[in-house]
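> Sequence first, then the predicted structure, then my questions.
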Amino acid sequence: MTARELAAELEVSLRTVYRDVEALAMAGIPVYAEQGRAGGYRLVDGYRTRLTGLTESEAQSLFMVGMPGPAAALGLREQAASAELKLLAALGPEQRVRAGRLRDRFHLDVPAWYRDADDAPYLAELAEAILHDRYVDVVYRRWEAPREVERTLAPYGLVLKSGSWYVVSGTGDGGFRTYRVSNILRLTPTARTFERAAGFDLAEQWQRHLDAFDRRRFTGTAVVRVSPDLVRRLPDLSDPLLLKAVTGVAPGPDGWTTAELPIESAPNAAHQLIRYGADLEVLAPASLRALILSPALDLVRLYDQPSG
């Protein structure tokens with residue numbers, strides 16, 4: 001780029017460009033001026049800056065700085081701490097104070113309420129395979145029979161969601177599958193490497209997985225009546241689907257709100273909705289009403305008898 005183009009891009013004066021280029025050259029940066037109509041300032045081809053003092057594993061751990069829990073799970077606790085110290089040492093006094101204030105006043109707690117983080121003993125080995133594009137052989141526990149299956153994974157990336165780790169694996173035909181890391185019962189690293197698909201974006205692939213999961217998960221719709229008291233309490237309860245269903249819906253003359261609720265299946269919905277007792281009535285489908293009525297009658301019979 002010419003000095004004039006650099007000045008316009010950086011919104012500085014030509015004099016500043018000349019001074020800074022001279023300073024860069026004196027610092028050992030291979031920048032030089034090329035004369036002629038197509039001339040300008042150039043860097044030597046292939047030149048790349050390097051972070052002085054950072055080891056390879058410390059550089060890899062930089063994205064985990066500030067997240068000691070996930071860093072430890074990936075086997076990067078010491079590297080992340082060391083990289084953080086080196087970064088702090090490179091800052092001026094005022095910047096160090098600000099960085100320390102941010103570190104001390106913000107904390108990331110990953111697991112959701114009312115549950116612990118998943119136990120994922122093979123997470124570090126899986127992360128190592130991802131960094132080097134190596135296949136891993138696993139024994140995986142799944143929902144349907146046979147429960148335990150052998151799989152060879154081409155691990156592209158890891159995702160941490162609400163305290164649970166998931167690995168995105170290539171399928172060999174251009175597709176991807178997602179596995180829960182805590183369901184890996186055994187893992188054997190291999191020396192075999194795979195070629196990553198060009199343009200792969202982990203965040204985009206994870207969003208596609210979530211969208212597909214929701215499409216598979218919700219197989220029907222229930223019509224429910226919700227009491228005024230339950231509507232008031234829903235913002236404090238862990239039921240975002242029901243809260244979303246009643247939000248913006250005007251209550252009827254009796255104060256109850258009738259809404260349509262997406263459900264995974266009638267048995268699953270019955271298990272989720274029976275906890276609301278008489279504050280929620282299922283109007284449809286009839287099969288879901290029957291599934292809620294049966295255990296409710298069992299409870300009445302159980303508690304209608306003297307204890308003991």
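Structure received. Numbers count the residues shown, from 1 in each chain.

> for this structure, what are the low-confidence residue spans?
48-66, 89-92, 102, 308 (pLDDT under 70).

> Let me see the domain layout of it.
3-43, 58-104, 123-216, 220-303 (automatic domain parsing).

> For the stretch 151-300 of the chain, which segments count as helices?
202-217, 228-233, 240-246, 266-273, 286-303 (DSSP state H, counting those that start in this stretch).

> The ones you listed into TSV, with extra columns for mean neighbour count and distance to residue 257?
Placement of C-beta: from N, CA and C, glycine included. Formatted as TSV, the helices of the stretch 151-300 of the chain follow (neighbours: other CB atoms under 10 Å; distance: least, CB to CB, whole Å):
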stretch	mean neighbour count	distance to residue 257
helix 202-217	12	24
helix 228-233	14	6
helix 240-246	16	5
helix 266-273	18	14
helix 286-303	13	18
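
> of these, which approaches residue 20 most closely?
helix 202-217 (35.6 Å; CB to CB).

> which other helices and strands contact the closest one?
Here helix 202-217 touches strand 148-161, strand 164-170, strand 176-180, going by 3 or more CB pairs under 8 Å, 6 or more residues apart in numbering; DSSP states H and E.

> Kindly recompute the last result at 10 Å.
strand 148-161, strand 164-170, strand 176-180, strand 257-263 (3 or more CB pairs under 10 Å, 6 or more residues apart in numbering; DSSP states H and E).

> Pull up the pairing partners for the last one, direction included.
For strand 257-263, the paired strands and their directions (DSSP bridges) read strand 220-226 (antiparallel).

> For the nearest residue to residue 264 once chain neighbours are set aside, give its distance to residue 126.
For residue 264, ignoring the flanking residues on the chain, the nearest one in space by CB to CB, 6 or more residues apart in numbering is residue 217 at 5.2 Å. Residue 217 is 26 Å from residue 126, where distance means CB to CB, to the nearest Å.

> before we move on, the earlier item: please name whichever of the domains of the chain is nearest to residue 112.
Checking the domains of the chain against residue 112 by CB to CB gives domain 123-216 as the closest, at 4.3 Å.

> related to what we said a few turns ago, what's the residue nearest to residue 264 in contact with, if anything?
262-265, 268 (CB atoms under 10 Å, 6 or more residues apart in numbering).

> List only buried entries from those residues.
Buried subset of the contacts of residue 217 (neighbour count, 16 or more other CB atoms under 10 Å): 262-263.

> Pull the contacting residues for residue 182.
Applying CB under 10 Å, 6+ apart, the residues near residue 182 are 117-123, 141, 163-166.

> about what we covered before: output the helices and strands packed on helix 202-217 in a markdown table; the columns should cover distance to residue 28.
Converted to a markdown table, these look like this (distance: least, CB to CB, whole Å):
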| stretch | distance to residue 28 |
| --- | --- |
| strand 148-161 | 36 |
| strand 164-170 | 41 |
| strand 176-180 | 44 |
| strand 257-263 | 62 |
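
> Give me whichever of the ones you listed is most buried.
Stretch with highest mean neighbour count among the helices and strands packed on helix 202-217: strand 164-170 (a mean of 22; mean count of other CB atoms under 10 Å).

> Given that strand, what are its sheet partners and their directions?
strand 148-161 (antiparallel), strand 176-180 (antiparallel).

> would you turn the ones you listed into CSV with distance to residue 43?
CSV is the format used below for the strands paired with strand 164-170 (distance: least, CB to CB, whole Å):
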stretch, distance to residue 43
strand 148-161, 32
strand 176-180, 38
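
> State the distance from the spatially closest residue to residue 115 that is not a sequence neighbour to residue 118.
Counting by CB to CB, 6+ apart, residue 115 lies nearest to residue 163, which is 6.8 Å off, once chain neighbours are set aside. Separation of residue 163 from residue 118 (CB to CB): 6 Å.
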